[in-house]
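Asker: need coordinates for the below:
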Amino acid sequence: MPLRERILGCALITIAACSDRPAMTGTEGTTGSAASTGAEPSSGDAPTGPTAPTMSATDTSAASETAGPTGDPTTEASTEATTVEPVETTSGPPGTTSTGVDGTSSTGLDQTTGEPPVPACPSNCEDPVTLRGDLTIKPGDSTTDLICVTRITGNLTIDGDLDEAALLNLSGLEQVDGVLRIQDNNVLTGLAPFGCLREVDEVLLLGLPALVDVSALEGLEKLGSFRTILTGAPLPKLVGKPLGLHRIELSSNPTLADLDALATWTGGADTFEVALFDMPALTDVSGLAALLADPAPAERRIWFDGLPKLASLAGLEPVIAANWIVLEDLPLIADLGPLAKLESAGQLALIGMPLVKSLKGLGKVKTAQWLFLGGCVNGWPESGGMAGLTSLAGLDALTSVEVLAVVNSAKIDSLAGAPALKAAQNVQIIADPQLVKADVDALIAQLGQAPMEQCFGDWDKCHCIEIIPP
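Answerer: Numbers count the residues shown, from 1 in each chain. Sure thing, here's the model as predicted:
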């Protein structure tokens, strides 16, 4: 069973990280349980209406600023309505522009971004409400008392078949401190109720086969993580301030053909991770280039697995160093050229890419902790190999690795091709029928000292490296 099948087999059961997927940084939100206490306005009286909603909520008392024992405000911050004072506009000399109350110039474009302005979101109520804790909404739950909510301090979960009309009372929501999770919904076609959302730590869309329009998310100004699983929706265009983005995961989207929308996104976080799993229509990943070129991330992780129509790695050109690069089950990739700037990698794995006949695209790689040619990532006998490789030719600059594994590669008949390699702590040469012991001995002799561990043989004699925690 390919690694991606083990990964995706977990997706419908739980949205927590599956045991066979690499640990991705960032905190996964959890859905709270039911104590339904209702929400209180942060100032003033709540509008009249039904009492507490029937959906699940945890600690839903409104944030308020109250005096503590010493007379200082407590740490519960109030959410108050923001008043925008009109700005008088005057005519200026030719070539100048005037500014209106919405921050746009007379050209109609936002002065900061140069883009059309995000529509204003008037408050549903005079006194906005902050809902503290997690909130879960399921079919049949009343949302009447949510009409004044502008912020949720925990996670918001929409679970089950609710359409846009059923969620319209969330239309004033501007901030979710945790995860906006919409899951297991067969009727939702758009996200219009979230058109005023500006800040969210993570957007997670899981099992939404009818979703075709996510443009309502284009007003987002802060976004830490964006994940879609078993959802055929396109990507929103996000233009503006640095989002603080640290993770993108797209899995099992049957229609998405390119990542062009990502060219409008900006990062800004210390890490950046991109994972693309089982995307049968994806042909182009060049939209990743701008995010990968962002100077902010100190760590980058890239995992592509199960992209049968992807014929080019264009978009990876900015990558010079990466913690993870796993390229698996990419049957049309023949050229590693877009990785020509790569100099170092923590884990570098090439698996199931039969058209790759040379590693010359990796000619600048000097060091790697783990270099896997073939499926030695939690490997087993059915793991994919590198069927087109005949040697290590192309690894001209490689000087050291901690683990070197060449696995299930039927045509490789030489371990020459990495002339500068002088250090390897662990060498695993497994199920490569064209190699003989003399080939392995020649590689070992090239090293400054013998590896601490080495093996040449079949799967019953050798083993691969478990890099994913159970």
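Asker: going forward, measure contacts between C-alpha atoms and count neighbours the same way
Answerer: Fine.
Asker: how about the contacts made by the closest residue to Asp213 other than its chain neighbours?
Answerer: Leaving aside its sequence neighbours, Asp213 sits nearest to Gly190 (CA to CA, 6 or more residues apart in numbering; 4.7 Å). Residues counted as contacts of Gly190 (CA atoms under 8 Å, 6 or more residues apart in numbering) are Glu164, Leu211, Val212, Asp213, Val214, Ala216.
Asker: could you measure from Gly190 over to Leu404?
Answerer: As judged by CA to CA, to the nearest Å, Gly190 and Leu404 stand 48 Å apart.
Asker: okay, buried residues for stretch 360-378 please.
Answerer: Across stretch 360-378, burial judged by 16 or more other CA atoms under 10 Å covers 360-377.
Asker: should've said stretch 434-444
Answerer: Buried, per 16+ other CA under 10 Å, within stretch 434-444: Leu435, Val440, Leu443, Ile444.
Asker: in three-state terms, label Thr150 for me.
Answerer: The local conformation at Thr150, judged by DSSP: H, G, I helix; E, B strand; the rest coil, is strand.
Asker: I'd say it and Glu174 touch.
Answerer: Yes - using CA atoms under 8 Å, Thr150 is in contact with Glu174, at 5.1 Å.
Asker: neighbour count: the two, which is higher?
Answerer: Thr150 (26 against 21; other CA atoms under 10 Å).
Asker: how much space is there between that one and Asn169?
Answerer: Thr150 is 11 Å from Asn169, by CA to CA.
Asker: where are the low-confidence patches of this protein?
Answerer: 1-124, 377-379, 466-470 (pLDDT under 70).
Asker: what are the ranges of the helices in it?
Answerer: 3-8, 289-293, 437-446 (DSSP state H).
Asker: any chance of the ones you listed in CSV, plus distance to Pro254?
Answerer: Converted to CSV, the helices of the chain look like this (distance: least, CA to CA, whole Å):
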stretch, distance to Pro254
helix 3-8, 14
helix 289-293, 23
helix 437-446, 43
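Asker: to Asp127, which of these lies closest?
Answerer: helix 289-293 (38.6 Å; CA to CA).
Asker: how about residues contacting that closest one?
Answerer: Residues from elsewhere that reach helix 289-293 (CA under 8 Å, 6+ apart): Leu262, Ala263, Trp265, Thr266, Gly267, Phe272, Arg300, Gly315, Leu316, Glu317, Pro318, Val319.
Asker: most neighbours out of these, which is it?
Answerer: Across the contacts of helix 289-293, neighbour numbers were computed from other CA under 10 Å; Phe272 holds the maximum, 27 neighbours.
Asker: ok, so what distance separates that one from Ala298?
Answerer: 8 Å.
Asker: same question for Val407.
Answerer: Taking CA to CA, one finds Val407 at 31 Å from Ala298.
Asker: okay, those two: which has more neighbours?
Answerer: Higher neighbour count among Val407 and Ala298: Val407, with 29 against 13, using other CA under 10 Å.
Asker: residue contacts, that one?
Answerer: Residues in contact with Val407 (CA under 8 Å, 6+ apart) are Phe372, Leu373, Gly374, Gly375, Cys376, Gly385, Met386, Gln428, Ile429, Ile430, Ala431, Asp432.
Asker: can you put those in JSON lines and add distance to Ala257?
Answerer: Formatted as JSON lines, the contacts of Val407 follow (distance: CA to CA, whole Å):
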{"residue": "Phe372", "distance to Ala257": "28"}
{"residue": "Leu373", "distance to Ala257": "28"}
{"residue": "Gly374", "distance to Ala257": "27"}
{"residue": "Gly375", "distance to Ala257": "27"}
{"residue": "Cys376", "distance to Ala257": "29"}
{"residue": "Gly385", "distance to Ala257": "26"}
{"residue": "Met386", "distance to Ala257": "26"}
{"residue": "Gln428", "distance to Ala257": "37"}
{"residue": "Ile429", "distance to Ala257": "37"}
{"residue": "Ile430", "distance to Ala257": "36"}
{"residue": "Ala431", "distance to Ala257": "36"}
{"residue": "Asp432", "distance to Ala257": "35"}
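Asker: count of neighbours near Gly448?
Answerer: With other CA under 10 Å as criterion, Gly448 counts 11.
Asker: surely Ala233 touches Val212?
Answerer: Yes - under the criterion of CA under 8 Å, Ala233 makes contact with Val212 at 4.8 Å.
Asker: the more surrounded of those two?
Answerer: With neighbours defined as other CA under 10 Å, Ala233 and Val212 compare such that Ala233 has more, 22 against 16.
Asker: list the contacts for that one?
Answerer: Leu211, Val212, Asp213, Val214, Asn253, Thr255, Leu256.
Asker: neighbour-wise, which of those leads?
Answerer: Ranking these using other CA under 10 Å puts Asn253 first, with 23 neighbours.
Asker: give me the phi and psi for it.
Answerer: phi -100, psi 110 (degrees, to the nearest 10).
Asker: what about it, distance to Gly240?
Answerer: Asn253 is 26 Å from Gly240, by CA to CA.
Asker: give me the number of residues near Pro236?
Answerer: For Pro236, using other CA under 10 Å, the count is 19.
Asker: typo on my end, it should be Ala165
Answerer: That count, for Ala165 with other CA under 10 Å as the rule, works out to 10.
Asker: cool, Ala311 as well?
Answerer: Using other CA under 10 Å, Ala311 has 17 neighbouring residues.
Asker: gap between it and Asp329?
Answerer: 12 Å.
Asker: just Pro419 next, same as before
Answerer: 28 Å.
Asker: next up, phi/psi of the nearest residue to Ser391 once chain neighbours are set aside, please.
Answerer: Counting by CA to CA, 6+ apart, Ser391 lies nearest to Ser414, which is 4.8 Å off, once chain neighbours are set aside. Backbone geometry at Ser414, expressed as degrees, to the nearest 10, gives phi -150, psi 140.
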